[in-house]
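1. Provide a 3D model corresponding to the input given below.
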Amino acid sequence: MPWFNLAPKGDYVLEHNGIVVGYFSMQAIKSESIKDVFDNKSGRSVQLEDMEPIVPGKPLEFMSQA
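-> Prediction:
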């Protein structure tokens with residue numbers, strides 16, 4: 001729930017004809033955290049402190065999950 005509180009507009013339930021068929025989650029992640037997790041293959045996962053709030057007009061890097 002802390003992730004949702006930081007980015008409440010980042011999670012979506014996908015429906016088709018009223019039936020839930022999946023979900024989509026998108027969080028803004030600090031650039032240095034993305035490099036550490038994905039480029040360096042550190043083995044660590046993204047943590048709450050790696051996230052940034054989504055603010056209109058502020059360019060951000062995102063991680064998406066489905």
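2. Give me the contact list for stretch 21-29.
-> Defining contact as Cβ atoms under 8 Å, 6 or more residues apart in numbering, one finds that stretch 21-29 is touched by 3, 6-7, 10-15, 46, 50-54, 60-66. Heads up, the C-betas are built off the backbone N, CA and C, glycines and all.
3. Next, the buried residues of that stretch.
-> Buried residues in stretch 21-29, counting neighbours by 16 or more other Cβ atoms under 10 Å, are found at 26-29.
4. got it, and stretch 7-24?
-> For stretch 7-24, by 16+ other Cβ under 10 Å, it's 7, 10.
5. what's the span of that stretch, first residue to last?
-> The first and final residues of stretch 7-24 sit 13 Å from each other (Cα to Cα, to the nearest Å).
6. Next: stretch 3-16.
-> End-to-end distance of stretch 3-16 (Cα to Cα): 26 Å.
7. and that stretch, how far from the chain's centre?
-> Relative to the chain's own centre, stretch 3-16 is displaced by 9 Å; criterion: Cα atoms, centre = their mean, to the nearest Å.
8. Provide the contact partners of it at residue level.
-> Taking Cβ under 8 Å, 6+ apart as the criterion, the residues outside stretch 3-16 that touch it are 20-28, 48, 51, 53-54.
9. how about 10 Å then?
-> Residues outside stretch 3-16 that contact it (Cβ atoms under 10 Å, 6 or more residues apart in numbering): 20-28, 46-48, 51-54, 62-66.
10. and that stretch, what's its mean pLDDT?
-> Regarding stretch 3-16, the rounded mean pLDDT is 82.
11. which residue of the protein sits farthest from its center?
-> The outermost residue of the chain relative to its centre, with distances by Cα atoms, centre = their mean, is Asn17 at 26.3 Å.
12. ok so, going back, among the contacts of stretch 21-29, which are located in helices?
-> 3, 6 (DSSP state H).
13. Tell me what the most centrally placed residue in the chain is bridged to.
-> The centre of the chain sits closest to Gln27, judged by Cα atoms, centre = their mean, with a distance of 2.1 Å. Gln27 has the following beta-bridge partners by DSSP bridges: Met63.
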